[in-house]
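In: pasting the sequence and the predicted coordinates here, then a few questions.
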Amino acid sequence: QVQLVESGGGLVQAGGSLRLSCAASGRTFNNYVMGWFRQAPGKEREFVAHIMWSGGSTYYADSVKGRFTISRDNAKNTVYLQMNSLKPEDTAVYYCAAGPMFRLLRPPDYWGQGTQVTVSS
């Protein structure tokens, strides 16, 4: 059974940084893509970034490009989201997601439980 467990959320001031982690277990992810989505209050869940488990190529939403970096540690089966220059509009619940490469998380097969990120102005 696949599990995605997020950690690292919290409260930070605008301009600050946070690093989210997603520990994945339950299968091999060699042909998978891992990603992050977020959902702000009253808004739909939106894509943030993804990374190919094999090869490590990445893709970002325009709203976070240049500020967020997604990475993975294959040995630890963990995906990270380094978030710098945070803005109040980045406030949301952040979800880790996973799915087969050919579908590029449209939609994901698996979701984590979410971690809250709050950016104060």
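Out: Structure's in. What do you need?
In: got any ranges where this structure has weak pLDDT?
Out: Judged against pLDDT under 70, the chain has no low-scoring part.
In: spatially central residue in the chain, please.
Out: What sits nearest the mean C-alpha location of the chain, by C-alpha atoms, centre = their mean, is residue 36, with 2.4 Å.
In: return the distance of that residue relative to residue 121.
Out: Residue 36 sits 23 Å away from residue 121, going by C-beta to C-beta, to the nearest Å. No exception for glycine: its C-beta is placed from N, CA and C like everyone else's.
In: ok, residue 37 next?
Out: 23 Å.
In: show me which of these two is the more surrounded one.
Out: Between residue 37 and residue 121, counted using other C-beta atoms under 10 Å, residue 37 has the larger neighbour count: 24 against 9.
In: correct me if wrong: that one contacts residue 49.
Out: No: taking C-beta atoms under 8 Å as the definition, residue 37 is not a contact partner of residue 49, at 9.0 Å.
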